[in-house]
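Asks: Quick one: sequence plus predicted model below, questions after.
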Amino acid sequence: DGFYFVYSQISFMEVFDIQHNDGYGSRGSSEFPSLSHYLYRYNIQYHNGGEEKLAQNSITKCWGQSKTFGEYTSNLGAVFYLRTADEIFIKVSNITMVAPDPKHSYFG
């Protein structure tokens with residue numbers, strides 16, 4: 001048990017096909033006007049099935065008619081008191097938009 005600094009960065013990316021005026025890699029870009037990034041912990045001792053949201057960040061996407069791609073980065077970090085059995089994990093609002101390069105998305 002003790003205090004720990006927990007951090008996470010998630011990079012979201014989308015590419016647009018200007019010829020057809022739609023986005024791909026994002027299941028229809030207009031469906032997701034904002035992107036969210038959540039930090040959770042799990043421990044069977046906690047309420048709500050053991051999951052507890054520790055932090056979240058939301059980003060509103062930028063729009064433009066001649067836009068060919070969008071890249072958005074979300075950062076979270078804070079000090080939390082963690083117990084021995086706590087498990088830390090990340091959730092995102094749209095996993096299809098997470099950039100595939102592991103150097104762009106991480107946590108610790």
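Replies: Received, thanks.
Asks: Can you name the residues that contact residue 43?
Replies: 50, 52, 83, 85, 86, 87 (Cβ atoms under 8 Å, 6 or more residues apart in numbering). (Each C-beta comes from the backbone N, C-alpha and C, glycine too.)
Asks: ok, the third one to residue 46 distance?
Replies: Think residue 83. In this view, residue 83 and residue 46 are 9 Å apart by Cβ to Cβ, to the nearest Å.
Asks: now swap in the second one and tell me
Replies: When distance is defined by Cβ to Cβ, residue 52 is 5 Å away from residue 46.
Asks: among the contacts of residue 43, which two are most distant?
Replies: Farthest-apart pair in those is 52 and 85; separation 12.7 Å (Cβ to Cβ).
Asks: Neighbour count: the two, which is higher?
Replies: residue 52 (15 against 12; other Cβ atoms under 10 Å).
Asks: partners of the strand or helix carrying the more buried one in the sheet?
Replies: Under the criterion of DSSP states H and E, residue 52 resides in strand 51-60. Using DSSP bridges, strand 51-60 pairs in its sheet with strand 34-42 (antiparallel).
Asks: List the buried residues in the strand it pairs with.
Replies: Under the neighbour-count criterion of 16 or more other Cβ atoms under 10 Å, strand 34-42 has 35, 36, 37, 38, 39, 40, 41 buried.
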